[in-house]
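Asks: Just the structure for this:
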Amino acid sequence: MRALPKSKPLKLMAFAALAVLVASCSTSRSPSQKSSSTAVRSQPGLDINRAHKDGAPWWDVDVSRIPDATPTLHTGPYKANPYTVLGKTYFPLQESKTYVASGTASWYGTKFHGQNTANGEVYDLYGMSAAHKTLPLPSYVRVTNLDNNKSVILRVNDRGPFYSDRIIDLSYAAAKKLGYAEIGTARVKVEGIDPQAYWAAKGRPAPLMLNEPQVAQNSAPVITASAGTVEQWTPPPQQHAAAVVPVQLDAKKNASVPASGQYLQVGAFANPDAAELLRSKLSGMVSAPVFISSIVRNQQTLHRVRLGPIGSPGEIQQVQNSVRMANLGSPSVVTE
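Replies: Sure, this is the predicted structure:
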């Protein structure tokens, strides 16, 4: 047998290593492409250049406390226009009530937490949502894991996955409830839900999707859009957080500040466990009160972790620096 040149085995080994790396990325939403800079989204929710660096949040959460999506009647237009990805054109369905399909499901997590979905909503890895290539947006589906018969109800608000062997991409929380978050993929059955029929079977009228978010009643200060503040979903804190250094504030100064004084918002989460975890960590750092203020948006509750009142700009800066150094977030000032 003729000996191979020395360069060829090296090339073959490199090619094999690359193939293993790509195959191991079971949670990516779409094929990656080489790029010397950050990926650019051609349109919301259709980022085909997402890198294989997705993952789960570093802390364990009780997903049993996260309710399934609530099927609601949609009063506006659906997003069901044809679109093209990687040279292939997709023609979304005009309705999802009778949709039934079986195949492979994957999930996406921390890398996309807080990014816009294809219909302009915000992806929340703790929410009960999904991405689908052709279902109208928004729509509702029941997804059943065929290996353990666990099922969840999800709101479809994004496009993907663009691997040919996968039919649906679930949020991290949904995949964890179905028991395959650690595996990466699962065999599932996807069934479209008619909200009208769903609630009729329960003897109740179907709720409508509200055009304006309802603000939950709370004694803590609430920030509105008119104040110029836009709520953002908070990515999970870094896994290797720095040592927590207590910050002592002047109690006398704080005692004289009214309830409408200076407050800091450190994070905002859909999962109450994540908000409570951050609140607990912050409570050990600062003497100012740390509380959770919740609002409802698109029928999902957002739990905002805030602290205050704080008495002076110098103390505010001190707290902000300490929280950042502890890798617990980037606090921003909020006012009534």
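Asks: what about residue 81, neighbour count?
Replies: By other CB atoms under 10 Å, the residues close to residue 81 number 10. C-beta coordinates here come from the backbone N, C-alpha and C atoms, glycine included.
Asks: my read is it is in a helix, agree?
Replies: No - under the criterion used here (DSSP: H, G, I helix; E, B strand; the rest coil), residue 81 is coil, not part of a helix.
Asks: Check the gap between the spatially closest residue to residue 79 that is not a sequence neighbour and residue 167 for me.
Replies: The shortest distance from residue 79 to any residue that is not its chain neighbour, by CB to CB, 6 or more residues apart in numbering, is 4.0 Å, and that residue is residue 137. For residue 137, the distance to residue 167 (CB to CB, to the nearest Å) stands at 16 Å.
Asks: Tell me which of these two has more neighbours.
Replies: Under the neighbour definition other CB under 10 Å, residue 137 and residue 167 were set side by side, and residue 137 has more, 24 against 20.
Asks: Would you check that that one makes contact with residue 129?
Replies: No - Residue 137 is not in contact with residue 129 according to CB atoms under 8 Å; the separation is 10.6 Å.
Asks: Point out where the stretch 151-300 of the chain drops to low pLDDT.
Replies: Within the stretch 151-300 of the chain, the set of residues satisfying pLDDT under 70 comprises 209-261, 297-300.
Asks: Can you show me the helices along it?
Replies: Read by DSSP state H, counting those that start in this stretch, the stretch 151-300 of the chain holds these helices, from start to end of the chain: 172-177, 195-200, 251-255, 272-283.
Asks: related to what we said a few turns ago, can you list phi and psi of the residue nearest to residue 79 for me?
Replies: Comment: the main-chain dihedrals of residue 137 come out as phi -110, psi 130, following degrees, to the nearest 10.
Asks: And residue 179, by the same measure?
Replies: Listed backbone geometry of residue 179 is phi 80, psi 20, with angles given as degrees, to the nearest 10.
Asks: how many neighbours does residue 313 have?
Replies: Neighbour count of residue 313, defined by other CB under 10 Å: 10.
Asks: hmm, back to that, got a pLDDT number for the residue nearest to residue 79?
Replies: The model reports residue 137 with a pLDDT of 94.
Asks: Surely residue 125 is in contact with residue 110?
Replies: Yes - with the criterion set as CB under 8 Å, residue 125 and residue 110 qualify as a contacting pair; they are 6.4 Å apart.
Asks: and those two? which has more neighbours close in?
Replies: Remark: of residue 125 and residue 110, residue 125 carries more neighbours, 31 against 16, as counted by other CB under 10 Å.
Asks: how about residue 282, what does it touch?
Replies: Residues in contact with residue 282, defined by CB atoms under 8 Å, 6 or more residues apart in numbering, are 266, 290, 305, 307, 323, 328.
Asks: Tell me how far it lies from residue 102.
Replies: Where residue 102 is concerned, residue 282 sits at a distance of 45 Å (CB to CB).
Asks: what's around residue 120, how many residues?
Replies: Counted with other CB under 10 Å, the neighbours of residue 120 add up to 11.
Asks: A strand includes it, no?
Replies: No - assignment of residue 120 by three-state DSSP gives coil, placing it outside any strand.
Asks: quick revisit: with neighbour count and distance to residue 66 as added columns, please give the contacts of residue 282 in JSON lines.
Replies: Putting the contacts of residue 282 into JSON lines (neighbours: other CB atoms under 10 Å; distance: CB to CB, whole Å) gives the following:
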{"residue": "266", "neighbour count": "25", "distance to residue 66": "21"}
{"residue": "290", "neighbour count": "20", "distance to residue 66": "23"}
{"residue": "305", "neighbour count": "27", "distance to residue 66": "18"}
{"residue": "307", "neighbour count": "23", "distance to residue 66": "25"}
{"residue": "323", "neighbour count": "25", "distance to residue 66": "26"}
{"residue": "328", "neighbour count": "22", "distance to residue 66": "22"}
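Asks: Mind checking which of these are in strands?
Replies: By the criterion of DSSP state E, membership of the contacts of residue 282 in strands covers 266, 290, 305, 307.
Asks: Closest to residue 272 out of those residues?
Replies: Within the ones in strands among the contacts of residue 282, proximity to residue 272 (CB to CB) peaks at residue 305, which comes in at 10.7 Å.
Asks: residues in contact with the closest one?
Replies: 265, 266, 267, 268, 269, 275, 278, 279, 282, 290, 291, 292.
Asks: what's the answer for residue 129, then?
Replies: For residue 129, the set of contacting residues under the criterion of CB under 8 Å, 6+ apart consists of 69, 117, 121, 123, 154, 155, 156, 157, 158, 170, 171, 174.
Asks: what about the fourth one, neighbour count?
Replies: Yep, that's residue 123 we're talking about. Under the criterion other CB under 10 Å, the count of neighbours that residue 123 has is 22.
Asks: Ok, the fifth one next?
Replies: Using other CB under 10 Å as the criterion, residue 154 is surrounded by 28 other residues.
Asks: and the gap between the nearest residue to it once chain neighbours are set aside and residue 295?
Replies: Among residues not flanking residue 154 along the chain, residue 130 sits closest, at 4.4 Å (CB to CB, 6+ apart). According to CB to CB, residue 130 stands 24 Å off from residue 295.
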